[in-house]
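Asks: Build me a model from this:
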Amino acid sequence: MEAKAIAKTLRVSPIKARLVIDLIRGKNVQSALNILNKTKNKPALLIKKTLDSAIANAVNNFKMDANTLYVKE
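Replies: Have a look, this model is predicted:
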């Protein structure tokens, strides 16, 4: 099963956001959150909020275990 969250109308360039997203793609959720906490720029903050929303969607809507989640795309 797949849970997702979409962030729309963000005021950040796609190139800068893609650099941060490439750091966390394919990682489990815990290590992705650690990477985003250590990365100090605007796209990292916005991506972290979106990732938190996706985790909440997975746990609350689909009854998934938060420890087994990973970032797909």
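Asks: list the contacts for the residue nearest to Gly26 when sequence neighbours are not counted?
Replies: Excluding its sequence neighbours, the residue lying closest to Gly26 (Cβ to Cβ, 6 or more residues apart in numbering) is Val71, at 6.5 Å. All C-beta spots, glycine's among them, are computed from the backbone N, C-alpha and C. Shown in contact with Val71 (Cβ atoms under 8 Å, 6 or more residues apart in numbering): 24-29, 32, 51.
Asks: hmm, try it at 6 Å
Replies: Neighbour list for Val71: 24-25, 27, 32 [criterion: Cβ atoms under 6 Å, 6 or more residues apart in numbering].
Asks: Ok, Ile6 next?
Replies: With Cβ under 6 Å, 6+ apart, Ile6 has no contacts at all.
Asks: picking up where we left off before, of the contacts of Val71, closest to Ala56?
Replies: Ala32 (14.6 Å; Cβ to Cβ).
Asks: Which element, helix or strand, includes that closest one?
Replies: Secondary structure assignment for Ala32, by DSSP states H and E: helix 29-38.
Asks: right, and Ala17 touches Lys42 too?
Replies: No: in this structure, Ala17 is not within contact of Lys42 by Cβ atoms under 6 Å, at 9.0 Å.
Asks: Which of the two has more residues huddled nearby?
Replies: Higher neighbour count among Ala17 and Lys42: Ala17, with 18 against 14, using other Cβ atoms under 10 Å.
Asks: Name the residues of the host helix or strand of the more buried one that are buried.
Replies: Taking DSSP H and E as the criterion, Ala17 maps to helix 14-24. By 16 or more other Cβ atoms under 10 Å, the buried positions in helix 14-24 come out as 17, 20-21, 23-24.
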